[in-house]
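1. I'd like to go over a predicted model; first the sequence, then the structure.
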Amino acid sequence: MAILESTIAPSSDAYKANRAGMLALISRMRSLEERTRAASAAAKDRFHKRGQLLPRERVALALDPGTPFIELSTLAGYMFDIPDPDKSVPGGGVVAGIGFVSGVRCMVSANDSGIDAGALQAYGLDKTLRVQELALENKLPYVQLVESAGANLLRYRVEDFVRGGNIFRNLARLSAAGLPVVTVTHGSSTAGGAYQTGLSDYIVMVRGRTRAFLAGPPLLKAATGEIATEEELGGAEMHTSISGLGDYLAEDDRDALRIARDIMANLEWDRPSPDQTSHRPPRYDPEELLGIMPMDHKRPVDMRQAIARFVDDSDFTEFGTDYGPATLCGHARIEGQAIGIITNNGPLDPDGANKATHFIQACCQSRTPLLYLNNTTGYMVGKAYEEAGMIKHGSKMIQAVTSASVPQITIYCGASFGAGNYGMCGRGFHPRFCFSWPNAKTAVMGGEQAAETMAIVTEAAAARRGRPIEQEKLDQMKAQIIGVFDGQMDVFSTSARVLDDGVIDPRDTRSILAEVLAICREAEARAPQRMQFSVARP
């Protein structure tokens, strides 16, 4: 055993400042999530008056009571719908996450029709595509609760229309991969969105509420002159008795969700069995994770102290301790599940990159999943490091990350700058899951470094032309650059752009990692022959 010793001092001013800063960020995140819930819940009277459940009520009834649910990308689209931090409603118009439906671990996605009738909000497309990607990668059945006004035509962008086709392609891919797509169409599913219903293996429709058609009455009349009611064109009774699109006719939302749960219950699908592996909790209080990470990414931190508060028994067997010591690698377990951890106590240097490459390859050999805890300002620069082969050794590390044959999980814990973001399996390298702590920063470099770099380039260009530098203009340029960089690097900006799968409270790290490791293990264990499930619709 290699038990980590605690070196933090909870009574110190630095710890208290870190803790206060982290709690403030968590509070901001939770208030934004609550704003989205409140905006949707404001439609409660309207929904209940017409006999419908709110979207989050539907999700709750679809899920098994008392089981874990990992909600994804709750900050998607923040500040992109309305550029006012006090009025923007994040979430992308979609409620999505991984949970259990009749004992089956599923991806559940629901249009948040309490907000703008379920029309896709800013970055809602990106969120939906990522959710589908996660379902495919992790071999999860896909349950979608549909009620959407489709695209907002007042915000039409041709690129969204073209890229939106990926939603339908992914539904076909899920079914072809043997992953059941179960759809409850609670309300409108129109135009291209009708294929969201049509490209499903099991379709539940609600009497008097479901509407599925390629052209609604206004467009139909405009295009052909034909006049028809919504019910005649695409009602639940028509589709379940005449067109054959619908498989099940439900009386209301509750009945529809009951049917969806029955469908999942009757599938021949492996149910995760309780993990009987014995394990011990961390020796130190996870609450102390609040005070470990400084709010200033320039301040050093020993990531062993974070690891000690979420791995089993605070037991961490370090790999290559004295070689490339700023790059920390080692083995641990989380609720009995083995994991290899790579993190940073400083920039990545040639020795650290070599060590990480070796460790990644060793974990692939033993089929051990990898966890990257991003806390680096990047790869080292300078004459000595270039001569030592920083590019070569950094490239080997990036190749190892790209070629890894085991699930890789990334958490942005501090800084993730420059090529260090790539070497530490940033979002662009398709980790199986990618989460952020509220204090994380992601950028090509710090704002001050970017501003100073451009100032040097500008001064050199002026000198070549023999022109004087106007210091006031130079200072304005530097301030503008710092503003641009600083305005995009925090998690409220990156998560809004769906550059992670969500921001998590550091205290939840252990429980979330335990769930995603179980998801990865189940996906890896699912035999290829089981992945032949596909329903051919008549």
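-> Received it, and whenever you're ready, just let me know what you need. These numbers were taken from a predicted model, which means no experiment stands behind them.
2. Do me a favour and average the pLDDT over the host helix or strand of Ala451.
-> Assigned by DSSP states H and E, Ala451 falls within helix 447-465. Averaged across helix 447-465, pLDDT comes to 86.
3. ok, and for that helix, which residues are buried?
-> Using 16 or more other Cβ atoms under 10 Å as the test for burial, helix 447-465 gives 447, 449-451, 455. Yep, even glycine has a C-beta here, placed from its N, CA and C like the rest.
4. My guess is Ala306 contacts Leu289. True?
-> Yes. With contacts counted by Cβ atoms under 8 Å, Ala306 reaches Leu289, the gap being 6.3 Å.
5. quick one: common contacting residues for those two?
-> Pro506 (Cβ atoms under 8 Å, 6 or more residues apart in numbering).
6. Redo the buried residues of helix 447-465 as TSV? Include distance to Arg367.
-> Shown next, in TSV, are those (distance: Cβ to Cβ, whole Å):
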residue	distance to Arg367
Gly447	41
Gln449	40
Ala450	41
Ala451	46
Ala455	50
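7. Phe69: which of those is nearest?
-> Closest approach to Phe69 among the buried residues of helix 447-465 (Cβ to Cβ): Gly447, at 36.8 Å.
8. mind listing the helices in the stretch 151-300 of the chain by residue range?
-> Counting by DSSP state H, counting those that start in this stretch, the stretch 151-300 of the chain has helices at residues 158-176, 194-198, 217-224, 230-234, 236-238, 253-266.
9. I'd like these as CSV, with mean pLDDT appended.
-> Converted to CSV, these look like this (pLDDT from 0 to 100):
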stretch, mean pLDDT
helix 158-176, 94
helix 194-198, 93
helix 217-224, 85
helix 230-234, 91
helix 236-238, 96
helix 253-266, 98
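10. Farthest pair within the buried residues of helix 447-465?
-> Gly447 and Ala455 (12.4 Å).
11. would you say Cys329 is within a helix?
-> No. Assigned with DSSP: H, G, I helix; E, B strand; the rest coil, Cys329 falls outside any helix and is strand.
12. Tell me what it is bridged to.
-> For Cys329, the beta-bridge partners are Phe319, Ile342 (DSSP bridges).
13. Thought Phe316 was touching it, still the case?
-> No. Contact criterion Cβ under 8 Å: Cys329 and Phe316 do not qualify, at 10.1 Å.
14. Looking at the two, which one has more neighbours?
-> Cys329 (24 against 21; other Cβ atoms under 10 Å).
15. So, low pLDDT: which residues of this protein?
-> Along the chain, the parts satisfying pLDDT under 70 run over 275-276, 527-538.
16. which helix of it spans the most residues?
-> For the chain, the longest helix by residue count, based on DSSP state H, is helix 13-41.
17. So which bits of that one are buried?
-> Counting neighbours by 16+ other Cβ under 10 Å, helix 13-41 gives 15, 18-19, 21-22, 25-26, 29, 32-33, 35-37, 39-41 as buried.
18. could you point out which element follows that helix?
-> helix 44-49.
19. Next, the buried residues of that next one.
-> Going by neighbour count (16+ other Cβ under 10 Å), the buried part of helix 44-49 is Phe47.
20. same for the following helix or strand past it, what does it pack against?
-> Using DSSP H and E, the helix or strand that follows helix 44-49 in sequence is helix 55-62. Judged by 3 or more Cβ pairs under 8 Å, 6 or more residues apart in numbering; DSSP states H and E, helix 55-62 is in contact with helix 13-41, strand 94-101, strand 104-111, strand 142-148, strand 181-190, helix 253-266.
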